[in-house]
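A.B. asks: A predicted structure for the sequence below; I have some questions about it.
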Amino acid sequence: MALLVQKYGGTSVGSIERIEAVAENVIAYKEQGNDMVVVLSAMSGETNRLLDMAQQISPKASGRELDVLLTTGEQVAIALLAMALEKRGHAAKSYTGGQASILTDSAHNKARIKSVDNQKIRQDLDAGYIIVVAGFQGVDEESNITTLGRGGSDTTGVAMAAALNADECQIFTDVDGVYTTDPRIEPDARRLKTITFEEMLEMASLGSKVLQTRAVEFAQKHAVPLRVLSSFKQGEGTLIISDNQTDETMEQALVSGIAFNRDEAQLTINGVSDTPGVAYGILGPISDANIEVDMILQNVSADGTTDFTFTVNRSDYENAMTSLKKTAKQLKAREVSGNNKIVKISIVGVGMRSHAGIATRMFEVLAKEGINILMISTSEIKISVVVDEKYLELGVRALHEGFDLKSER
Ligand code: ADP
Ligand code: ASP
Ligand code: MG
């Protein structure tokens, strides 16, 4: 008998009919003899609706109160599914994050899971219950309610699977697996049968929201077998595998997938003196304002001064600009400018390690489409470019074609 953790996302529980369908699906697995733990997101649109109400009351609402509000979405979903299961004659019990003893740190809105005490759930599983856990939430040491960041129910799923030593963590969503790129942008994208944790981690952190980055990290660290599947149609989905599970005899794809992130913004400070401590002087105040910097570029001009460009999340753009303008005055910079209409497109693949010339091919493909590259960053298994947001679709599709991702390998 296997123990399965199944996580269903917002669209999968988006209506009463969908919740009834999830109940049927879960029961089918239970009746095959599996112990079932189900993790749910809020019904689709609900988290945004709650955030919008908070925004109307106060754009500066405290993280603590936001978390109390946001966790209600998941609480509605778990109660409704438990009722749907009971109606069908199956013993079920819903658990909020706190009731499931999901202990997190106190970083409201982006808390990290520290531990999960599985004792009560184990007892209920042994007594034959189907367990339904609220995703995206936990409690800190002081019993404050916390949330795990957008998309955080994926991480709850993986954490429950790790705590219970489940045979598989299955992420049910509105696509039938992980694709070579977001199928909403490129209809010719192809489902991958497997993808390595390393690649999935890059894809997720570079913007592929099909899995939350932390969920992939957690699954890799705790060796949780992880699969992405559709809640709308049958299929094997995509299995996330570790590097050493890849078949050596198979020719490794150069590029496995294309990720993109629309939430980017770029800031530039021109004409600062080219002396030690300048980078620190510019980025120190940005990091003090709790703003994460992604790409950084520094150019020394002919006149001996330096131009400094960096990117931040688009939601941090205004704050970063205010901070940078202050810094510019102190450093007697020539000028400050910015652009919040940019996006980042990345190609990802472990095959890049052993092949040269991939960056050149990427730049060639973009050049042929007349797409100007604003910034570039590379690492062992990815290359990212920043381009004007109007080129997002064109860039993704051209690269998908250029790296021959359509055809079956
Ligand atoms: P859920 O609500 O089930 O958590 P999400 O919206 O968070 O679902 O994630 C699923 C979505 O991820 C898909 O609808 C798809 O548009 C998007 N997505 C982005 N990149 C990919 C990719 N490479 N493969 C599959 N889906 C992707
Ligand atoms: N409901 C939360 C969100 O919309 C968490 C999740 O769906 O994973 O971000
Ligand atoms: Mg999600």
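C.D. replies: Everything's here; your move. Ligands and ions are numbered 1, 2, ... in the order given.
A.B. asks: Which parts of the stretch 201-350 of the chain are strands?
C.D. replies: For the stretch 201-350 of the chain, the strands identified by DSSP state E, counting those that start in this stretch occupy 226-230, 238-241, 257-273, 293-300, 305-313, 335-348, in order along the chain.
A.B. asks: Identify the residues contacting residue 176.
C.D. replies: Shown here is residue 176, whose contacts under the criterion Cβ atoms under 8 Å, 6 or more residues apart in numbering are 191, 229-230, 232-233, 235, 237. Just so you know, the C-beta spots here come from the backbone N, C-alpha and C atoms, and that holds for glycine as well.
A.B. asks: And residue 203, by the same measure?
C.D. replies: Counting by Cβ under 8 Å, 6+ apart, residue 203 touches 178, 195, 210, 256-257, 259, 348.
A.B. asks: Would you quantify the distance from residue 211 to ligand 3?
C.D. replies: Residue 211 is 7 Å from ligand 3, where distance means Cβ to the ion, to the nearest Å.
A.B. asks: hang on, that residue packs against residue 153?
C.D. replies: No. At 10.7 Å, residue 211 and residue 153 do not qualify as touching, with contact defined as Cβ atoms under 8 Å.
A.B. asks: Give me the more crowded residue out of these two.
C.D. replies: Legend: neighbour count by other Cβ atoms under 10 Å for residue 211 and residue 153, higher for residue 153 (29 against 26).
A.B. asks: tell me the pLDDT at that one?
C.D. replies: What the model reports for residue 153 is a pLDDT of 98.
A.B. asks: do residue 355 as well
C.D. replies: Per-residue confidence (pLDDT) for residue 355: 84.
A.B. asks: The residue lying closest to it once chain neighbours are set aside: what's it in contact with?
C.D. replies: When the adjacent residues along the chain are set aside, residue 355 lies closest to residue 254, with 5.5 Å between them (Cβ to Cβ, 6 or more residues apart in numbering). Contacts for residue 254 were tallied using Cβ under 8 Å, 6+ apart; they are 349, 351-352, 355, 358, 403.
A.B. asks: how about 10 Å then?
C.D. replies: Remark: with contacts taken as Cβ atoms under 10 Å, 6 or more residues apart in numbering, residue 254 is in contact with 347, 349-355, 357-358, 361, 403-405.
A.B. asks: now residue 79
C.D. replies: 40, 94, 96, 132, 134.
A.B. asks: What residues does the stretch 251-400 of the chain have near ligand 1?
C.D. replies: Within the stretch 251-400 of the chain, the positions near ligand 1 by Cβ under 6 Å from any ligand atom are residue 257.
A.B. asks: For ligand 1, what's its nearest residue on the stretch 251-400 of the chain.
C.D. replies: Relative to ligand 1, the nearest point of the stretch 251-400 of the chain is residue 257 (5.7 Å; Cβ to the nearest ligand atom).
A.B. asks: near ligand 1, which residues of the stretch 1-150 of the chain show up?
C.D. replies: When proximity is defined by Cβ under 6 Å from any ligand atom, the stretch 1-150 of the chain lies next to ligand 1 at 9-12, 41.
A.B. asks: Return the entry from these with the maximum number of neighbours.
C.D. replies: Of all those, residue 41 has the most neighbours under the rule other Cβ under 10 Å, reaching 28 neighbours.
A.B. asks: check contacts around that one.
C.D. replies: Residue 41 makes contacts with 7-14, 47, 73-74, 77, 134-136, 151-154, 156-157, 173, as judged by Cβ under 10 Å, 6+ apart.
A.B. asks: quick one on the thing from earlier: model confidence for the residue nearest to residue 355, exactly?
C.D. replies: Predicted confidence (pLDDT) at residue 254: the value is 85.
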